[in-house]
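Asker: what would the 3D arrangement of this be:
(chains A and B)
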Amino acid sequence: MNEYEISQPILGALVARAGLPLTPEHIEQLSLGWQHTQPLLRRLRRNDRDTSLEPAGVCTQPEGVETP
Amino acid sequence: MRETPTIAEAAKLIAARKLSPVELLGHCVARVEALDGRLHSFVEMTVDRAHRDAKAAENRMMAGTLRGRLDGIPIAHKDVFRTDGVRTTACSRILADWIPDQDADAVIRLAAAGTSMLGKLTTHEFGLGGPSFDLPWPPARNPWNTDRFTSGSSSGSAAAVAAGLVLGATGSDTGGSIREPAALCGVAGLKPTYGRCSRNGMLPLAHSLDHAGVLAWTAEDCAILLQAIAGHDPRDTASVAHDVPDFSSGLGRDLKGLRIGIVPTWHESECAVSQAVECSFEVAISLLRDLGAEIVELQMPSLLDFQAACTVIMLCEAFAIHEENMQSRFTEHGESFRERIALGGLMSSADYIQAQRLRRELCAASAQAISGVDALVTPAAPKEAPRIDSVTKWGFLSSAGLAKPFNITGWPAISICAGFGESGLPVGLQVAAKPFGEILLFQVADAFERAADHRSKRP
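Answerer: From the prediction side, this is the model:
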């Protein structure tokens, strides 16, 4: 098993969570695609991001209002 | 008429009453009949509608009341744009019989400008699958060599414009879907600034990355088309109430005083480009210098980070849009689309949020990097068009490409023809600018096209 492979039971659980009615053949195909996504997903993680980059911060002060 | 004119050329002739819109449409219809059996660029023809449009334009021409440079120009729409009374399928069995009762905003605006709507153009399924051979609509073929891929997803738009079947077309771009087919088919393809053009009525793939745009033979023609479709639309929540300037105001000028950035790390190490692309890019840089531009090397974030953020956001947002049909009608989708989208359903909420965090980081770093230049140029696609039967289902996950940075940042970007490889297949140059900097973008692209003279060769 290479570092990007996923076991069939775990993949089956993810497929079930997504509500997808897949056959074993579909799941087999998807496991190949899943391996290609892993390098991408690993690149997303950083531990040193500035909090100003947090997308959850959606509220901004109206123009002209001073920030406390 | 031997060759299809550009929009700018046709507009001049129509304004001078030397070309009838009906005659121009007849030329396009004849080319569709002669060529599209092999190209498969159209999924639906609306010839009667186009004739009515052309006749009305001709009446305005004779009355001296032309609406502008698009009056009487034959165009077609990518089949993700809703068209009132005309089937809109997104090349998916899910929508095989859907006839909308409203037009998309871009369709409305282009009709109001007087264009003749000749039909609907092939897309990869919902803008993502493809090339798919298991759908009722065969994939579009590259007019320069019909064994070759067009890229996508605006595949029919690029093929139809390249083959001179229409003078312009709409397209949509989520991760390069206008610019990559434009590059591989040797035409100009514009993704405007995010928020510049309404996506209302355009079937979505990923809301935070989707852009409505245009394809035509030249950058000048793209400027003319953008003039019609730009503008605020409150029905698209991402639409920005920004001034709509004269996008043609920078055309015909040299590049003296402009600073243009290049990012050597992108095409020299992070994205393997072919020899033809590398050579054409070097020639392009030399030409831009000759036109007066100062070329500056930039330190932009890694292309692989853009690829990671864009792909994860796209797949997660696309799965959210298609979730219900994926769960209840999975096998009705084409294999390529359904399996790619399914990956988005397997990703976690943390994956999506981390991708958005990375996006913020990339946007901030990119804005900093570009602050000292007026525009940025890159190769538009890494290679010439591959054989259509060699494109793999998962290839898009491992190929960084050069288009995605501008979907992530929302900056305007255009692909134009930068020459031809040894096999005669086109290669593209991408010009990007700061948000709402389309005038400058067109100035650079137009100056290059005029100096390079690649626009005299048609497939």
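Asker: for the rest of this, base every contact and every neighbour count on C-alpha atoms.
Answerer: Noted.
Asker: for chain A, which segments are assigned as helices?
Answerer: Ranges of helices in chain A, per DSSP state H, are A:8-18, A:24-44.
Asker: highest mean neighbour count out of the ones you listed?
Answerer: Mean neighbour count (mean count of other Cα atoms under 10 Å in any protein chain shown) peaks for helix A:24-44 among the helices of chain A, with a mean of 17.
Asker: residue ranges with poor pLDDT in chain A?
Answerer: Applying pLDDT under 70 to chain A picks out residues A:60-63, A:65-68.
Asker: which parts of it sit against chain B?
Answerer: A:14-15, A:17-21, A:26, A:29-30, A:33-34, A:36-37, A:40-41, A:43-45, A:49, A:53-55 (Cα under 8 Å from any Cα of the partner chain).
Asker: got the contact list for B:Leu110?
Answerer: Taking Cα atoms under 8 Å, 6 or more residues apart in numbering or on different chains, we find B:Leu110 in contact with B:Leu70, B:Leu225, B:Ala228, B:Ile229.
Asker: brain fart, A:Leu30
Answerer: Counting by Cα under 8 Å, 6+ apart, A:Leu30 makes contact with B:Glu339, B:Ala342, B:Leu343.
Asker: cross-check those against chain A and keep the overlap.
Answerer: Answer for those near chain A (Cα under 8 Å from any Cα): B:Glu339, B:Ala342, B:Leu343.
Asker: between the residues you listed, which has the most around it?
Answerer: Among the ones next to chain A among the contacts of A:Leu30, the one with the most neighbours (other Cα atoms under 10 Å in any protein chain shown) is B:Ala342, at 26 neighbours.
Asker: quick one: contacts for it?
Answerer: Per Cα under 8 Å, 6+ apart, neighbours of B:Ala342: A:Leu20, A:Leu30, B:Phe319, B:Met326.
Asker: can we see that at 7 Å?
Answerer: Neighbouring residues of B:Ala342 by Cα atoms under 7 Å, 6 or more residues apart in numbering or on different chains: B:Phe319.
Asker: what about B:Asp48, which SS state?
Answerer: Here B:Asp48 is recorded as helix under DSSP: H, G, I helix; E, B strand; the rest coil.
Asker: next, count neighbours for it.
Answerer: B:Asp48: 12 neighbours (other Cα under 10 Å).
Asker: likewise for B:Arg450?
Answerer: Using other Cα under 10 Å: B:Arg450 sits among 12 other residues.
Asker: let me know the pLDDT of it.
Answerer: pLDDT for B:Arg450: 97.
Asker: mind checking the SS state of it?
Answerer: helix.
Asker: go on, the one 4 residues further on?
Answerer: Look at B:His454: counting by three-state DSSP, its state is coil.
Asker: quick check: B:Leu95 touching B:Thr89?
Answerer: Yes - in this structure, B:Leu95 is within contact of B:Thr89 by Cα atoms under 7 Å, at 4.7 Å.
Asker: more crowded one of these two?
Answerer: Counted by other Cα under 10 Å, B:Leu95 and B:Thr89 do not tie: B:Thr89 has more neighbours, with 28 against 13.
Asker: which residues touch the more buried one?
Answerer: B:Thr89 neighbours (Cα under 7 Å, 6+ apart): B:Asp79, B:Leu95, B:Ala96, B:Trp98.
Asker: go with 6 Å
Answerer: B:Leu95, B:Ala96 (Cα atoms under 6 Å, 6 or more residues apart in numbering or on different chains).
Asker: over to B:His232?
Answerer: So B:His232 contacts B:Ser239, B:Val240, B:Ala241 (Cα under 6 Å, 6+ apart).
Asker: write a PyMOL command that selects only the buried members of those residues.
Answerer: Only the buried entries of these go into this PyMOL selection, using 16 or more other Cα atoms under 10 Å in any protein chain shown:
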select buried, chain B and resi 239+240
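Asker: out of the contacts of B:His232, which are close to chain A?
Answerer: Among those, no residue sits close to chain A (Cα under 6 Å from any Cα of the partner chain).
Asker: centroid-nearest residue for chain B?
Answerer: Nearest to the mean C-alpha position of chain B, counting by Cα atoms, centre = their mean, stands B:Ile178 at 2.3 Å.
Asker: what about B:Phe126, distance to chain A?
Answerer: The spacing between B:Phe126 and chain A, counted by Cα to the nearest Cα, to the nearest Å, is 19 Å.
Asker: ok so, going back, turn the helices of chain A into a markdown table, columns for distance to B:Leu215.
Answerer: Formatted as a markdown table, the helices of chain A follow (distance: least, Cα to Cα, whole Å):
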| stretch | distance to B:Leu215 |
| --- | --- |
| helix A:8-18 | 37 |
| helix A:24-44 | 30 |
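Asker: which of the contacts of B:Leu110 ranks first by neighbour count?
Answerer: The most crowded member of those, judged by other Cα under 10 Å, is B:Leu70 (29 neighbours).
Asker: any idea which helix or strand carries that residue?
Answerer: Taking DSSP states H and E as the definition, one finds B:Leu70 inside no helix or strand.
Asker: for chain A, see how far away it is.
Answerer: From B:Leu70 across to chain A, the span is 40 Å (Cα to the nearest Cα).
Asker: residues contacting that residue?
Answerer: Neighbouring residues of B:Leu70 by Cα under 6 Å, 6+ apart: B:Ala113, B:Gly114, B:Thr115.
Asker: burial check on the residue lying closest to the second one once chain neighbours are set aside, number of neighbours?
Answerer: Just to be clear, that refers to B:Gly114. Counting by Cα to Cα, 6 or more residues apart in numbering or on different chains, the nearest residue to B:Gly114 once its immediate chain neighbours are dropped is B:Asp71, at 4.0 Å. By other Cα under 10 Å, the residues close to B:Asp71 number 29.
Asker: any idea how far B:Asp71 lies from B:Ile229?
Answerer: Taking Cα to Cα, to the nearest Å as the measure, B:Asp71 falls 14 Å from B:Ile229.
Asker: before we move on, what about B:Leu441?
Answerer: 17 Å.
Asker: looking at B:Ala50 now. What's its pLDDT?
Answerer: Taking B:Ala50 on its own, its pLDDT is 98.
Asker: that one and B:Gly114 touch, don't they?
Answerer: No - contact criterion Cα atoms under 6 Å: B:Ala50 and B:Gly114 do not qualify, at 10.6 Å.
Asker: in chain B, which residue sits furthest out from the middle?
Answerer: B:Ala63 (34.5 Å).
Asker: secondary structure element holding B:Gly26?
Answerer: B:Gly26 belongs to helix B:21-39 when assigned by DSSP H and E.
Asker: cool, B:Arg52 as well?
Answerer: With DSSP H and E as criterion, B:Arg52 is part of helix B:47-63.
Asker: so what touches that helix?
Answerer: B:Pro21, B:Val22, B:Leu66, B:Asp71, B:Gly72, B:Ser116, B:Met117, B:Leu118.
Asker: cool, stretch B:99-107 as well?
Answerer: By Cα under 6 Å, 6+ apart, stretch B:99-107 touches B:Phe81, B:Arg82, B:Thr83, B:Asp84, B:Gly85, B:Val86, B:Arg87, B:Asn200, B:Gly201, B:Ile229.
Asker: so how far is stretch B:201-220 from its chain's centroid?
Answerer: Its chain's average C-alpha position is 6 Å from that of stretch B:201-220, according to Cα atoms, centre = their mean, to the nearest Å.
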